[in-house]
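Coordinates for the following, if possible.
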Amino acid sequence: NKLSGPLPSELGMLNSAGPPYELGCGIDDPCPIGVQLKMNDLNVGHNSLLGTIPTQLGNLMHLRILDLTENNLTGTVPIELGQLTALQVFYLRQNSLSGSLPSGLLHNMTELRYVMLQENLLEGGVPTEVGRLVKLSNLFMYSNNLNQPLPEELGDMENIREIRLQDNK
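I've put the predicted structure just below:
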């Protein structure tokens with residue numbers, strides 16, 4: 001696809017209620033039959049979307065996958081995305097996102113398995129909250145403008161398989 005234009009803020013109003021997390025409905029396990037399905041995957045990667053990431057996306061409380069890879073998105077990463085506590089896949093790679101990641105963004109996103117923020121214009125450092133992400137397997141933040149020392153909390157990630165931070169300042 002070659003979708004273009006801004007990412008509609010109205011996406012944040014879609015299917016904001018849904019089945020309780022205890023019913024499963026994860027990446028690897030489908031929802032039980034009869035459970036009302038809600039949006040759990042927003043994948044609009046590899047398009048020509050532009051503008052900022054709408055703060056309203058933080059309302060998609062059952063979202064498990066957010067993939068905005070390779071668009072023309074600019075501005076900062078909204079703190080509201082930190083409300084996506086069920087998120088397991090967080091791909092914002094290959095855009096022109098700038099600034100530091102908001103303090104506390106990852107604090108409650110403890111279900112994260114994959115964080116791909118590489119090839120942007122992000123500044124600052126790896127958030128200390130990464131130590132809380134015990135399910136995290138891959139953390140990619142290479143080819144940004146990160147210039148802070150690595151946090152000691154990186155050592156707290158029990159399931160990490162790959163960290164890529166090359167080509168930063």
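
Work out for me the element the most centrally placed residue in the chain sits within.
Ranked by distance to the mean C-alpha position of the chain (Cα atoms, centre = their mean), the top residue is F90 at 2.7 Å. F90 belongs to strand 89-91 when assigned by DSSP states H and E.

Excluding chain neighbours, what is closest to the residue nearest to the centre of the chain?
Counting by Cβ to Cβ, 6 or more residues apart in numbering, F90 lies nearest to V115, which is 4.9 Å off, once chain neighbours are set aside. Any C-beta I mention is one placed from the backbone N, CA and C, and that applies to glycine too.

For that neighbour, which residues are in contact?
Contacts here follow Cβ atoms under 8 Å, 6 or more residues apart in numbering; on that basis V115 touches 90, 106, 133, 136, 138-141.

Confirm it sits in a strand?
Yes: secondary structure assignment (DSSP: H, G, I helix; E, B strand; the rest coil) places V115 inside a strand.

Against T128, how distant is it?
Using Cβ to Cβ, to the nearest Å, one gets 14 Å for the distance from V115 to T128.

Give the buried residues for stretch 83-93.
Residues 83-84, 86-93 are the ones in stretch 83-93 that count as buried (16 or more other Cβ atoms under 10 Å).

Please identify which of those is nearest to E152.
Minimum distance to E152 across the buried residues of stretch 83-93 is 22.2 Å, recorded for F90 (Cβ to Cβ).

Next up, identify which helix or strand L139 is on.
In this structure, L139 is located in strand 138-140 according to DSSP H and E.

Can you pull the phi and psi angles for P102?
Backbone torsions for P102, taken as degrees, to the nearest 10, come to phi -60, psi 140.

does the residue nearest to G12 when sequence neighbours are not counted count as helix, strand or coil?
Excluding the flanking residues, the one nearest G12 by Cβ to Cβ, 6+ apart is Q56, at 2.6 Å. With three-state DSSP as the basis, the three-state label of Q56 is helix.

circling back to that earlier point, with distance to T74 as extra columns, can I get the contacts of V115 in CSV?
Converted to CSV, those look like this (distance: Cβ to Cβ, whole Å):
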residue, distance to T74
F90, 18
L106, 21
L133, 26
L136, 26
N138, 25
L139, 23
F140, 20
M141, 18
